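K.L.:
Pasting a predicted model and its sequence here:
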Amino acid sequence: MAAPVRFAVIGLDHWYSAIPLVRALASRPDTELVGICDANIDRAREVAAQVGLDRVTDNAQDLLDDAQVQAIASFVSVDANPAMCVAAAKAGKHILSIKPLARTLPEADQIVAAVREAGVVFVPAESRMRESAQNKKLYEWVRSGTLGRIVNATLSLNGGLPHGWPGQDDPGWFIDPDRAPGGAWIDHSIYQIDLMRWLLGEEVKAISGRTGNMLHKDLGVEDYGHAIVEFTGGAIATVEDTWTSPTGAHRVTTSLVGTKGSVAVDSLTGNLSLFGPGGPLPGWVHGRTPGSDVDGLDGMLAAIAGTAEPIATVEDAWENLSACVAFYQASASGQMVEPAHLAVRKNVGSDE
């Protein structure tokens, strides 16, 4: 058996992902958790104690300079992520990055260039959901033609305001427009944009929509966003994400409609419903979803070992952000916007 890959977790600002990842890294036989860093050393100690880890620091450079550390998970706030990822790439560390990877495309350009130059593996946090059993099944049905050509899709997440730390009501940096590129919409839509790009094997051609503050009127970012997204193959998706739900009313739904069949998933019931030749009976067939929980490490570890291509790349992270940037431009202008695409963008990466 190969030696475990040694990880450090840097930043706990995205605690809802960082804490489960810490537990996964500490429990898997193919990973070793070397250390945890957070600007708030008490938070680092609190999380480290959950897995019996002694090494904590409030200085990320301590872990970036450590030759034992092979990979880092950057879960700092979005405004701090570009500098962290660039530093990690220059230090030769593989990177699991928070979502989105940056606030702006110029910031994202810097990460792309650093990752390409260093040749390290970069996995976007939003793309880890590609490894879930549920999404693998959707991928199988879409790519095999079971559903025919996908015509339209509807994806939504309705939740409440985020918490800056477990048990605290203060949303913290999540609602600071200087630290986050948006609010409720990008917080969740970036997963859905990535999912649709992956399922279809296509890019976003154009996007329109609107944002608003439907409930939390004084936020510096939106608590509601609704997008209409057109993909290069012609499919159109509706993507609605909110922070307007009552406490405990969190719900995620995904629906794909094709020329031969349809599929719908609802987190509220845990059901996956299929219509079409993929089902054994005429009409809708209902069953339990295969599950959406995943730590997303399998693909990254295989890519580091060189036994498989990464499930997603820094270029995917860039394209996901580009679609989101275009959405906010569309909301502000009232016009449909065509997002930038990395393949034709200049001065990105060491080979351009």
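P.N.:
It's in.
K.L.:
And the average pLDDT for the one helix or strand A326 maps to is what?
P.N.:
According to DSSP states H and E, A326 maps onto helix 314-333. If you average the pLDDT over helix 314-333, you get 98.
K.L.:
packing partners for that helix?
P.N.:
Counting contacts by 3 or more CB pairs under 8 Å, 6 or more residues apart in numbering; DSSP states H and E, helix 314-333 is packed against helix 105-118, strand 122-124, helix 184-200, strand 204-212, strand 224-231. C-beta here means a position set from N, CA and C on the backbone, and glycine is covered the same way.
K.L.:
Give me the three-state assignment for the residue nearest to the spatial centre of the chain.
P.N.:
The residue lying closest to the centre of the chain (CA atoms, centre = their mean) is E126, at 1.3 Å. Assigned by DSSP: H, G, I helix; E, B strand; the rest coil, the conformation of E126 is helix.
K.L.:
that older thread, report the inter-axis angle for the helix holding A326 versus strand 204-212.
P.N.:
Using axes from the mean of the first three to the mean of the last three CA atoms, to 10 degrees, the interaxial angle of helix 314-333 with respect to strand 204-212 works out to 50 degrees.
K.L.:
All further residue positions should be reported with the first residue as 12.
P.N.:
Sure thing, new numbering starts at 12, so read that last one as helix 325-344.
K.L.:
on that earlier part again, could I get the pLDDT score of the residue lying closest to the residue nearest to the centre of the chain once chain neighbours are set aside?
P.N.:
Across the structure, with CB to CB, 6 or more residues apart in numbering as the measure, the residue nearest E137 apart from its sequence neighbours is K110 (4.0 Å). Predicted confidence (pLDDT) at K110: the value is 98.
K.L.:
Count the residues that sit near N70.
P.N.:
11 (other CB atoms under 10 Å).
K.L.:
check contacts around it.
P.N.:
Contacts for N70 were tallied using CB atoms under 8 Å, 6 or more residues apart in numbering; they are C48.
K.L.:
give me phi/psi at it?
P.N.:
phi -120, psi 100 (degrees, to the nearest 10).
K.L.:
pull the helix or strand with minimum mean pLDDT from this protein.
P.N.:
When each helix and strand of the chain is scored by mean pLDDT, DSSP states H and E, strand 295-299 comes last, with a mean of 92.
K.L.:
my read: the residue nearest to the centre of the chain touches I201, true?
P.N.:
Yes - using CB atoms under 8 Å, E137 is in contact with I201, at 4.8 Å.
K.L.:
Need the overlap of contacts for those two.
P.N.:
Each of K110, P111, N331 lies in contact with both E137 and I201 under the rule CB under 8 Å, 6+ apart.
K.L.:
Which residues are in contact with the last one?
P.N.:
Remark: with contacts taken as CB under 8 Å, 6+ apart, N331 is in contact with K110, P111, P135, E137, I201, I204, D205, R208.
K.L.:
one more time with 7 Å
P.N.:
P111, P135, E137, I201, I204, D205 (CB atoms under 7 Å, 6 or more residues apart in numbering).
K.L.:
Tell me the spacing between it and Q340.
P.N.:
15 Å (CB to CB, to the nearest Å).
K.L.:
The first one now?
P.N.:
With distances taken as CB to CB, K110 is found 19 Å from Q340.
K.L.:
And those two? Which one has more around it.
P.N.:
Between K110 and Q340, counted using other CB under 10 Å, K110 has the larger neighbour count: 23 against 16.
K.L.:
Now for V58: which residues touch it?
P.N.:
L23, I30, V33, I47.
K.L.:
I figured the first one hits V33, correct?
P.N.:
No - counting by CB atoms under 7 Å, L23 does not reach V33; the two are 8.6 Å apart.
K.L.:
which residues in the stretch 262-363 of the chain form helices?
P.N.:
For the stretch 262-363 of the chain, the helices identified by DSSP state H, counting those that start in this stretch occupy 308-316, 325-344, in order along the chain.
K.L.:
Sort out which residues of the shortest one are buried, please.
P.N.:
So that's helix 308-316. Applying a neighbour-count criterion of 16 or more other CB atoms under 10 Å, the buried positions in helix 308-316 are L308, G310, M311, L312, A313, A314, I315.
K.L.:
would you list every one of the strands in this protein?
P.N.:
Read by DSSP state E, the chain holds these strands, from start to end of the chain: 16-21, 42-48, 67-68, 82-85, 105-108, 133-135, 161-169, 215-223, 235-242, 247-253, 262-269, 273-277, 282-286, 295-299.
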